[in-house]
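Enquirer: 3D model of this:
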Amino acid sequence: MSRRFSRRAGHLTCTATLSLALATPALAQSVAPDDAAKTSAGGPQGSASPPGIRPAKSQGAPAEAIPGGRKGPSSVPQAIRWTEDWSKMLAPDAPILDKIRHIPLDDDNGVYLSLGGEARVYYTNWHHSTLGLRANDSNDPVQTRLRLIGDLHLGPNVRAYLELGDNREYGEQFATAPNRDKLDIYQAFMDVTIPLGETSKITFRPGRFEMPLGNGKLVGVREGLNMRFTYQGLRATYILPGKLSVDAFALRPVAITPGSFDDTGDSSKSFEGVYVGSPKGIGGIGTDVYWYEMDRQTATLREGTGEDRRTNWGTRLWKRTPKVDFDLEGTLQRGSFANQDIRAWGLMLEAGYSWPSLPMKPRLGLRANAFSGDDDLSDGKAGTFVAASPRLPLISEAAFFNFSNLVDLYPSVTLKPVDNVTLMAGPDFLWRQSKADGVYIGPAGSSFAPYDGSRYIGTDFNLEASWQMTKRLSFRLYETYFAAGSTFEQHGGKNGNYFGIMSNYRF
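Expert: I've put the predicted structure just below:
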């Protein structure tokens, strides 16, 4: 399955797992106002937080990154910006950066404008970013991301949201396309909500927007690069709070071009689906089921080149308590590629046990994933799993590997030396799922050719650290050393190293 894109740049829109947005990707953390200096929480949705990072007790229920879903805690910046709640009037002596988040436009305070933004700097350093797949693959750029937000609320049922973005990359040895996009419309949409009875409602969202889905593993936001994944089209969400959500959409991915105000929907790709889920579906366990289809007019895979019509059927079971957490998801890919039947699958498990009453609140975790490879290139079937917009830091922030022909097992330990600092470390052991298929590198999906011998690829040794300094300012540090297995080395693979440090200020 060979594709030719630059490192970490691929926007693979051939499949996506539409898990209900009851839990979005693990991103930079946000905290409740009273705990701003002491509590590290779990981003916009707690059930997809990194191991050991959980919503603070003062936050209550986590936000839902779906139109009409629960907002985040009042007056706190969130990783998914349109999940923020700035509806309350602020005190006259509030900081100016809080005051501009709620500018009343009528006497009843039902109509208001919220202004905000983001400034992020991210230094990254790869040694052998493609693990030897191509020459001269080391890179150490500095990314800068700037955002300006305008969020107009016309009462409880109508909203207009605009987000402008400017994205630069400096000092790179080779360009990464999603890090380069001059001033452009990053998000622009309207929400129109229709109440249905006392509690249920349906929200229609036309426009351009981020769309993290489920646990964000297969349909993520690409937080590691300046430009997250965005789509444009129509999304509709029905919610019966605490019981049922139905999410339906018909979209096209946004094609990023480096100039100003020149990004458009990609006419060669389409993405539609329906997701039904309940946070307490089976015996109090969150239960999601979904169907979606991603069509690409032209795709180049290891099996050939042609039209790719890839349908996913899947389900997800998940639950989080103060001590136990687990998230299990399985998906089947069917459809056709270049007159071949698609027969691919993926399984993802994340589970852990925490001791919140002990010093440093330790958590022992286990992450295990398996994504199919192609057993036989001559059998007329396309068997390699391909994710649409994967959260590659599922394996590690280094994003060395794609979710194709891969099995990994990642035991980890998480500690919180203080409430607003989280440390996680562990080895991630990696294998090929099929000996007849290759090793797929990075989001572009380019691969080493299949080779005989051991399925074992190598081991990632990972360290992550996050510090939520204030409710607006956070820092994250990543280190991954990849030790190649002997068979992988014999067929061109190399050891690799990744170091990254990010600062992020949201207001």
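Enquirer: the helices in the protein, which residues?
Expert: 96-99, 486-490 (DSSP state H).
Enquirer: which of those helices is buried the deepest?
Expert: With neighbours defined as mean count of other CB atoms under 10 Å, these peak in mean count at helix 486-490, which reaches a mean of 16. (Each C-beta comes from the backbone N, C-alpha and C, glycine too.)
Enquirer: for it, what is the average pLDDT?
Expert: Taken as a whole, helix 486-490 carries a mean pLDDT of 97.
Enquirer: And that helix, what does it pack against?
Expert: If contacts are counted by 3 or more CB pairs under 8 Å, 6 or more residues apart in numbering; DSSP states H and E, helix 486-490 sits against strand 456-468.
Enquirer: Parallel or antiparallel, which strands does the strand it packs on pair with?
Expert: Strand 456-468 has the following sheet partners, assigned by DSSP bridges: strand 421-431 (antiparallel), strand 473-484 (antiparallel).
Enquirer: Buried residues, that strand. List them.
Expert: 456-460, 462-468 (16 or more other CB atoms under 10 Å).
Enquirer: The helices of the chain: which one's closest to residue 244?
Expert: Closest approach to residue 244 among the helices of the chain is made by helix 96-99 (35.0 Å; CB to CB).
Enquirer: from the middle of its chain, how far away would that closest one be?
Expert: Its chain's average C-alpha position is 29 Å from that of helix 96-99, according to CA atoms, centre = their mean, to the nearest Å.
Enquirer: and what of stretch 313-333?
Expert: 16 Å.
Enquirer: May I see the buried residues of that stretch?
Expert: By neighbour count with 16+ other CB under 10 Å, stretch 313-333 contains the buried residues 314-320, 325-333.
Enquirer: nearest to residue 107, of these?
Expert: residue 320 (42.1 Å).
Enquirer: before we move on, the earlier item: need the strands paired with strand 456-468 in TSV with distance to residue 160 and mean neighbour count, can you?
Expert: Converted to TSV, the strands paired with strand 456-468 look like this (distance: least, CB to CB, whole Å; neighbours: other CB atoms under 10 Å):
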stretch	distance to residue 160	mean neighbour count
strand 421-431	36	19
strand 473-484	28	20
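Enquirer: looking at the protein, which helix or strand is least sure?
Expert: One helix or strand of the chain scores below all others by mean pLDDT, DSSP states H and E: strand 446-447, with a mean of 88.
Enquirer: tell me the contacts of the residue nearest the centre of the chain?
Expert: Geometric centre of the chain, nearest residue: residue 220, 2.7 Å, by CA atoms, centre = their mean. Counting by CB atoms under 8 Å, 6 or more residues apart in numbering, residue 220 makes contact with 25, 212, 229, 389-391.
Enquirer: For residue 330, give the beta-bridge partners.
Expert: Under the criterion used here (DSSP bridges), residue 330 is bridged to residue 315, residue 347.
Enquirer: Over to residue 401?
Expert: residue 441.
Enquirer: on that earlier part again, confidence score at the residue nearest to the centre of the chain?
Expert: So, for residue 220, pLDDT stands at 88.
Enquirer: OK, contacts around the closest residue to it other than its chain neighbours?
Expert: Distances taken as CB to CB, 6 or more residues apart in numbering put residue 391 closest to residue 220, at 3.5 Å, once the chain neighbours are dropped. Going by CB under 8 Å, 6+ apart, residue 391 touches 25, 216-218, 220-222.
Enquirer: likewise residue 343?
Expert: With CB under 8 Å, 6+ apart, residue 343 has these contacts: 333-334, 372, 381-383.
Enquirer: same deal with residue 373?
Expert: By CB under 8 Å, 6+ apart, the contact list for residue 373 reads 383-385, 404-406, 432-434, 436-438.
Enquirer: Could you check how many residues crowd around the closest residue to residue 392 other than its chain neighbours?
Expert: Closest residue in space to residue 392, ignoring its immediate chain neighbours: residue 399 at 3.7 Å, by CB to CB, 6+ apart. Residue 399 has 25 neighbours, counted by other CB atoms under 10 Å.
Enquirer: For residue 399, give me phi and psi.
Expert: Per-residue torsions, residue 399: phi 50, psi 40 (degrees, to the nearest 10).
Enquirer: which residues sit in contact with it?
Expert: Counted by CB under 8 Å, 6+ apart, residue 399 has contacts 8, 224, 392-393, 442-443.
Enquirer: Those residues: which two are farthest apart?
Expert: 393 and 442 (12.1 Å).
Enquirer: Which one's more surrounded, these two?
Expert: Shown here are residue 393 and residue 442; by other CB under 10 Å, residue 442 has more neighbours (25 against 22).
Enquirer: how far away is that one from residue 392?
Expert: For residue 442, the distance to residue 392 equals 7 Å [CB to CB, to the nearest Å].
Enquirer: Residue 166 against residue 183, yeah?
Expert: Yes - the pair residue 166 / residue 183 is scored as a contact, 4.9 Å apart, by CB atoms under 8 Å.
Enquirer: Now residue 149. Nearest residue, chain neighbours left out?
Expert: Using CB to CB, 6+ apart, the closest residue to residue 149 is residue 116 (4.2 Å).
Enquirer: Model confidence at that neighbour, what's the number?
Expert: 97.
Enquirer: so where is this protein shaky, pLDDT-wise?
Expert: 1-61 (pLDDT under 70).
Enquirer: quick one: contacts for residue 85?
Expert: Taking CB under 8 Å, 6+ apart as the test, what residue 85 contacts is 71-76.
Enquirer: Highest neighbour count among those residues?
Expert: Counting by other CB under 10 Å, top hit in those: residue 72 with 28 neighbours.
Enquirer: is it true that it touches residue 63?
Expert: Yes - taking CB under 8 Å as the definition, residue 72 is a contact partner of residue 63 at 4.0 Å.
Enquirer: residue boundaries of the strands in the stretch 201-350 of the chain?
Expert: Assigned by DSSP state E, counting those that start in this stretch, the stretch 201-350 of the chain shows strands spanning 231-240, 244-255, 264-265, 269-282, 285-301, 304-320, 324-337, 340-342, 344-354.
Enquirer: Check the offset of the fourth one from the chain's centre.
Expert: Centre-to-centre, strand 269-282 and its host chain are 16 Å apart (CA atoms, centre = their mean).
Enquirer: what are the C-alpha coordinates of that strand, in CSV please?
Expert: This file holds the C-alpha atoms of strand 269-282, laid out as CSV (Å, rounded to 0.1, in the frame of the first residue of the first chain):
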residue,chain,number,x,y,z
LYS,A,269,-13.3,12.2,-1.8
SER,A,270,-16.5,11.8,0.0
PHE,A,271,-17.3,10.6,3.5
GLU,A,272,-20.8,9.8,4.9
GLY,A,273,-22.1,7.7,7.7
VAL,A,274,-24.4,7.1,10.7
TYR,A,275,-23.5,6.4,14.3
VAL,A,276,-25.8,5.3,17.1
GLY,A,277,-24.6,5.0,20.7
SER,A,278,-25.6,5.1,24.3
PRO,A,279,-23.3,6.0,27.2
LYS,A,280,-24.9,3.3,29.3
GLY,A,281,-25.9,0.9,26.6
ILE,A,282,-25.2,-2.7,27.9
